[in-house]
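Engineer: predicted model and sequence below, questions to follow.
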Amino acid sequence: MGEKRDIKSYSLIELKEQMENMGEKAFRAKQIFQWLHKEKVERFEEMTNLSKSLRQKLNENYEIRTVKPVDILISKVDGTRKYLFEIQGGSIIESVLMKYHHGNSVCISTQSGCRMGCRFCASTLHGLEKNLTASELLSQIYVIEKNIGEKVSNVVLMGSGEPLDNFGNVVRFIRLISDENGANLSQRNITLSTCGIVPKIEELADMHFQITLAISLHASDDETRKSLMPIAYQYSIREVLDACRAYFSKTGRRITFEYSLVAGENDTVEEADRLAALIKDINCHVNLIPVNPIKERDYVQSGKKAVEQFKSRLEKNKLNVTIRREMGRDINGACGQLRNEAMKRRKEITDV
């Protein structure tokens, strides 16, 4: 018998085709879809309005792929939860739950590891292991909802991995999670963060999703950006910003620019002026991020004064700016840190 098919990654239309191929009525597809994405069941036996024989057939041909919690850390400072999950094949990924007064926000991983090589990010230290399937993207959210007994209202694709480097699965995920027959999460509550893969930004714009696009900019000139982000060797800032303008004109969605402040590298007021000149014609919002120090890198976080000066300089240039609130600092809250520690532990065990 061949490998079981990943049923949670199917759209409702695809599920209808699968049912018809099995000689079942098309309406069964909607029932199954709702069990998977509304009730979030993990076993076919739980689908109680399906006949026993259909459940058996489903069990023989399909699997309900999920993610397995390996570790959950809870911040004593702000209640942020960091989840370490194991996916099929044994790779590990991480997700973060942040509780705000406006609802629960979950930051999910799109890949196990990452090949983009951004110098200030722990996710990239071991390279790319694998792309996650749409079902593995969904499962991070569904398992967290079960764990806390509450709904998730905002999703950020900003964990380990580059979402646009796993384009097909990420697009499928957006369609599935926003399907009104399933989880029915508003696309306006989804943010996709990218280091700036220009052709994929253009492709995404043509899909007219209502998600927020967040661009990791981190510099106002190509040379500085290259020293922080290898992707800058492929696409210049000008190309990235042109793609952002096109995205806004096609979707009407305001762009977010992520800017990690690294002491002595990109945090001067002159740098703020240069940044403002570059983006002032774009309908955008700037999110300043005091960079998270990682043991394996020698970057230093900008001081409070430098961060405030940078912010007020941008505001003088009529830009919308916020400083990202640090969440979960006491539990390795930043991208890739917990996974990185877990991988080191695994290596120590296998090296013994």
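Structural biologist: In hand now; what should we look at? Numbering: from 1, shown residues only.
Engineer: show me where the chain has helices.
Structural biologist: Read by DSSP state H, the chain holds these helices, from start to end of the chain: 12-21, 27-37, 52-61, 134-148, 167-177, 198-205, 222-228, 237-251, 269-279, 304-316, 337-351.
Engineer: how far out from the middle of the chain is the first one?
Structural biologist: Same thing as helix 12-21. Here the centre of helix 12-21 is set off from its chain's centre by 29 Å, with Cα atoms, centre = their mean, to the nearest Å.
Engineer: same check on the fourth one?
Structural biologist: Centroid separation for helix 134-148 versus its chain: 13 Å, with Cα atoms, centre = their mean.
Engineer: which residue sits closest to Arg65, ignoring its sequence neighbours?
Structural biologist: Counting by Cβ to Cβ, 6 or more residues apart in numbering, Arg65 lies nearest to Ser135, which is 4.3 Å off, once chain neighbours are set aside. In short, each C-beta sits where N, CA and C put it, glycine included.
Engineer: list of residues touching stretch 46-66?
Structural biologist: Residues external to stretch 46-66 that are found in contact with it (Cβ atoms under 8 Å, 6 or more residues apart in numbering): 1, 4-9, 22, 24, 28, 31-32, 35-36, 39, 41-45, 88, 133, 135-136, 139, 142-143.
Engineer: just send the helices of the chain back as CSV, with distance to Arg324, mean neighbour count and mean pLDDT too.
Structural biologist: Formatted as CSV, these follow (distance: least, Cβ to Cβ, whole Å; neighbours: other Cβ atoms under 10 Å; pLDDT from 0 to 100):
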stretch, distance to Arg324, mean neighbour count, mean pLDDT
helix 12-21, 36, 15, 97
helix 27-37, 30, 20, 98
helix 52-61, 43, 14, 97
helix 134-148, 21, 22, 98
helix 167-177, 22, 20, 98
helix 198-205, 22, 18, 98
helix 222-228, 17, 17, 91
helix 237-251, 19, 18, 98
helix 269-279, 16, 18, 96
helix 304-316, 10, 16, 94
helix 337-351, 16, 15, 57
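Engineer: how many neighbours does Ala214 have?
Structural biologist: The number of residues packed near Ala214 is 20, by other Cβ atoms under 10 Å.
Engineer: ok, it to Val291 distance?
Structural biologist: Look at Ala214 and Val291: by Cβ to Cβ, to the nearest Å, they are 16 Å apart.
Engineer: same thing with Glu94?
Structural biologist: Glu94 sits 19 Å away from Val291, taking Cβ to Cβ as the criterion.
Engineer: contacting residues for Met22?
Structural biologist: Residues counted as contacts of Met22 (Cβ under 8 Å, 6+ apart) are Lys57, Asn61.
Engineer: next: Ala277.
Structural biologist: With the criterion set at Cβ under 8 Å, 6+ apart, Ala277 makes contact with Ser220, Asn317.
Engineer: run through the stretch 51-200 of the chain and note the low-pLDDT ranges.
Structural biologist: Applying pLDDT under 70 to the stretch 51-200 of the chain picks out residues 120, 124-125.
Engineer: what's the span of stretch 311-323 from first residue to last?
Structural biologist: Stretch 311-323 has an end-to-end distance of 8 Å (Cα to Cα, to the nearest Å).
Engineer: run through who's touching that stretch.
Structural biologist: Contacts of stretch 311-323 with the rest of the structure, by Cβ under 8 Å, 6+ apart, involve 269, 272-273, 275-277, 279-280, 284-290, 307.
Engineer: closest one of these to Gln111?
Structural biologist: Taking Cβ to Cβ as the measure, Gln111 lies nearest Ile289 of the contacts of stretch 311-323, at 20.4 Å.
Engineer: can you give me the neighbour number for that closest one?
Structural biologist: 21.
Engineer: again with Arg325
Structural biologist: By the other Cβ under 10 Å criterion, the neighbourhood of Arg325 contains 8 residues.
Engineer: quick one, longest strand in the protein?
Structural biologist: strand 92-100 (DSSP state E).
Engineer: the helices of the chain: which one's closest to Asp330?
Structural biologist: Across those, Asp330 has its closest neighbour in helix 337-351 (11.6 Å, Cβ to Cβ).
Engineer: sorry, back to before: in TSV, list the helices of the chain along with distance to Val156.
Structural biologist: As requested, the helices of the chain are arranged in TSV below (distance: least, Cβ to Cβ, whole Å):
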stretch	distance to Val156
helix 12-21	25
helix 27-37	19
helix 52-61	32
helix 134-148	11
helix 167-177	12
helix 198-205	16
helix 222-228	21
helix 237-251	17
helix 269-279	21
helix 304-316	21
helix 337-351	16
